[in-house]
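J.: could you look at this predicted model? Sequence included:
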Amino acid sequence: MLNYIWMGLIVISLLVAAGNDISDEVRNRYRNDVPLTAEFQATRVPGGGKQTWEGALTMSAADFGAFYGIPAPDSAIQQPVTLTVAPDGTGSFSFACTDLTPAFWQTMGKSASVKDRLSGRVTRLSPTEADGRMKVSLVIEPIRFVKLKAVTQAAIDFANTAVEIAIGLIGVMALWLGLIKIAEDAGLVRVLTRLLTPVTRRLFPDIPPDHPAIGSIIMNTAANMLGLSNAATPIGLKAMEELNKLNPKPGTATNAMVTFLAINTGGLILIPATAIAVRAAAGSVNPGIIIGTSIFGAGCATIAGITASRLLQRLPRYKKDLAVTPPAEEEKSNG
């Protein structure tokens, strides 16, 4: 079901992006094929058959805003530009989009033929004045499908991130699954199961005390309490697999499954290692300050989840008959 939700969100984002791009194209928001006139404070670079000029393209904030039909920037435009003019009068220009470049040009640069670099052709170049200034008319390369390109690029970037995370989890999962196997062979899981039998018997009365599902549940809870959420995932899947072996009607969650899911989702924790690591990487002065609030919040969530599951499973509305119906009786009921 979750896959369909994600697919729906992707389709909606693509449709919205396409709608915005069509609107931009109709309004010619990026002024494709429309000359932009500005002053060019230039210095000629000697050598070669072509005239190469380097300097700053200057334009008032009001003129820039009026040209693109947007609010005027906070300051005037001072954009470094390299301009090349051939003997036949044709010319081209290019400039890199930096932090000092107007935000609107930075947005255009993300969809340019060369990312973060705008280029185009020179349509008019006035003679150089005494102070090195000249009038120049530029046509920036056509910019189209900005939103669609952004959505597509974001999808690719997050797909790459997902692969990196998945590969990074291989080592952690292999380590913890190996430790669990060692603990099982050494009898540690059996010892923990015996120590926690009074608690698990109350929480999971339908599971035999010596069943492997109890050991997986205990190890999953221990991993979550240590903040090793990534390592707890395969153990939780193993616990659900063992619980499903006790399920007389696969496809219908048992009370034990619901209770375990409530405990797992509540995220009972003692050391939020992952959150502390993220805060430390972000430059937090005191990354461990969240330990107390994490324990309190996760404890409340776990208690609320267990309480809700125990209360709701007593109500007739939420009860499911887990008895296996004989095929003959099932055909009669359906007929």
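T.: Right, received. Where do you want to start? Please read these numbers as outputs of a predicted model, since none were measured by experiment.
J.: show me where the protein has its helices.
T.: Residue ranges of the helices in the chain, as given by DSSP state H, are 2-27, 61-68, 103-110, 146-186, 188-195, 197-203, 212-225, 229-245, 255-266, 273-281, 291-312, 327-334.
J.: worst mean pLDDT among the ones you listed?
T.: Out of those, helix 327-334 stands lowest, with a mean of 47 (criterion: mean pLDDT).
J.: please save the CA atoms from stretch 214-222 in PDB.
T.: Extracted as PDB, the C-alpha positions of stretch 214-222 are listed here (Å, rounded to 0.1, in the frame of the first residue of the first chain):
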ATOM      1  CA  ILE A 214      10.400 -14.200  22.400                       C
ATOM      2  CA  GLY A 215      14.200 -14.100  21.900                       C
ATOM      3  CA  SER A 216      13.900 -12.000  18.700                       C
ATOM      4  CA  ILE A 217      11.500  -9.600  20.400                       C
ATOM      5  CA  ILE A 218      13.900  -9.200  23.300                       C
ATOM      6  CA  MET A 219      16.800  -8.600  21.000                       C
ATOM      7  CA  ASN A 220      14.800  -6.100  18.900                       C
ATOM      8  CA  THR A 221      13.800  -4.200  21.900                       C
ATOM      9  CA  ALA A 222      17.300  -4.100  23.300                       C
END
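J.: still on that earlier bit, format the helices of the chain as TSV; extra columns: distance to A38 and mean neighbour count.
T.: All C-beta atoms are positioned from the backbone trio N, CA, C, and that covers glycine. Shown next, in TSV, are the helices of the chain (distance: least, C-beta to C-beta, whole Å; neighbours: other C-beta atoms under 10 Å):
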stretch	distance to A38	mean neighbour count
helix 2-27	22	12
helix 61-68	8	15
helix 103-110	12	17
helix 146-186	23	13
helix 188-195	74	15
helix 197-203	73	14
helix 212-225	60	22
helix 229-245	54	19
helix 255-266	59	20
helix 273-281	43	14
helix 291-312	55	15
helix 327-334	78	9
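J.: got JSON lines for these, with distance to S126 too?
T.: Shown next, in JSON lines, are the helices of the chain (distance: least, C-beta to C-beta, whole Å):
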{"stretch": "helix 2-27", "distance to S126": "30"}
{"stretch": "helix 61-68", "distance to S126": "17"}
{"stretch": "helix 103-110", "distance to S126": "23"}
{"stretch": "helix 146-186", "distance to S126": "32"}
{"stretch": "helix 188-195", "distance to S126": "84"}
{"stretch": "helix 197-203", "distance to S126": "83"}
{"stretch": "helix 212-225", "distance to S126": "71"}
{"stretch": "helix 229-245", "distance to S126": "63"}
{"stretch": "helix 255-266", "distance to S126": "69"}
{"stretch": "helix 273-281", "distance to S126": "53"}
{"stretch": "helix 291-312", "distance to S126": "66"}
{"stretch": "helix 327-334", "distance to S126": "87"}
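J.: look up the closest residue to E25, ignoring the ones flanking it.
T.: R144 (6.4 Å; C-beta to C-beta, 6 or more residues apart in numbering).
J.: so what's that neighbour up against?
T.: If you count contacts by C-beta atoms under 8 Å, 6 or more residues apart in numbering, R144 has them with D21, D24, E25, Y30, N32, S111.
J.: check A18 too.
T.: With C-beta under 8 Å, 6+ apart, A18 has these contacts: K147, L148.
J.: and if you look at T37?
T.: T37 makes contact with R124, K135, V136, S137, according to C-beta under 8 Å, 6+ apart.
J.: which pLDDT value goes with it?
T.: The model's pLDDT for T37 equals 90.
J.: for it, name its beta-bridge partners.
T.: S137 (DSSP bridges).
J.: between the helices of the chain, which one is nearest to K50?
T.: Among the helices of the chain, helix 103-110 comes nearest to K50, with 24.5 Å by C-beta to C-beta.
J.: what does that closest one rub up against?
T.: 30, 68, 70, 73, 79, 97, 101, 115-118, 140, 143, 146, 149-150.
J.: show me the domain layout of this protein.
T.: Per automatic domain parsing, the domain ranges recorded for the chain read 31-143, 187-334.
J.: can you tell me which of those domains is nearest to E164?
T.: Closest among the domains of the chain, once you apply C-beta to C-beta, is domain 187-334, at 13.1 Å.
J.: in PyMOL, select just the buried ones from the contacts of T37.
T.: Restricted to buried positions by 16 or more other C-beta atoms under 10 Å, the PyMOL selection for the contacts of T37 reads:
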select buried, resi 136
